[in-house]
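Visitor: show me the folded form of this:
(one chain, ligands or ions: 1)
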Amino acid sequence: MHELSLAVSIIETAVKAAKEHNAKKILEINLEIGDFTVVSEDRLRFALEITSKDTITEDAKINIERTPGRIRCKKCGYEGDSSPPTEDDPLQHLIMSSLKCPQCGDTHTEIIGGREMGVVDIVASK
Ligand SMILES: [Zn+2]
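Guide: Next comes the predicted model:
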């Protein structure tokens with residue numbers, strides 16, 4: 001139910017932002033979801049559909065941008081993309097919490113990107 005709690009916080013954020021700007025309706029919500037967050041886009045969209053019912057975000061268009069997983073290697077200094085967790089076994093990488101460097105194969109790496117999740121901005125109307 002990871003996606004449902006995320007959806008609730010997204011809708012809360014959007015509604016709060018809209019209220020601060022006296023907006024009456026939210027037209028679009030732009031989201032950023034990192035490849036290392038293990039969030040299923042389909043399940044998130046479904047959760048948002050349920051969560052936004054009877055709120056000012058009900059008809060909002062949801063735009064999801066995926067940010068690639070990026071790692072830094074402590075051994076050779078490589079910085080860049082890493083293969084994201086696979087659909088079959090999405091938790092494997094995160095449990096290990098050390099990802100293999102594609103350059104030297106070392107596992108002394110840290111995640112520097114791909115953990116983003118949430119609202120980037122919203123488009124609303126008065
Ligand atoms: Zn390396």
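Visitor: going forward, measure contacts and count neighbours with C-alpha atoms only.
Guide: Will do.
Visitor: from D121, how far out is the closest residue to T37 other than its chain neighbours?
Guide: Among residues not flanking T37 along the chain, R115 sits closest, at 5.3 Å (C-alpha to C-alpha, 6 or more residues apart in numbering). Noted for R115: a distance of 17 Å to D121, by C-alpha to C-alpha, to the nearest Å.
Visitor: pick out whichever of those two has more residues nearby.
Guide: Legend: neighbour count by other C-alpha atoms under 10 Å for R115 and D121, higher for R115 (18 against 14).
Visitor: what pLDDT does the more buried one get?
Guide: Looking at R115, its pLDDT reads 90.
Visitor: hang on, it in a strand?
Guide: No: using DSSP: H, G, I helix; E, B strand; the rest coil, the assignment for R115 is coil, not a strand.
Visitor: let me see the contact set for it.
Guide: Counting by C-alpha atoms under 8 Å, 6 or more residues apart in numbering, R115 touches 33-37, 69.
Visitor: leaving out the residues flanking it, which one is nearest to the residue nearest the centre of the chain?
Guide: What sits nearest the mean C-alpha location of the chain, by C-alpha atoms, centre = their mean, is I33, with 2.0 Å. Leaving aside its chain neighbours, I33 sits nearest to M117 (4.4 Å; criterion: C-alpha to C-alpha, 6+ apart).
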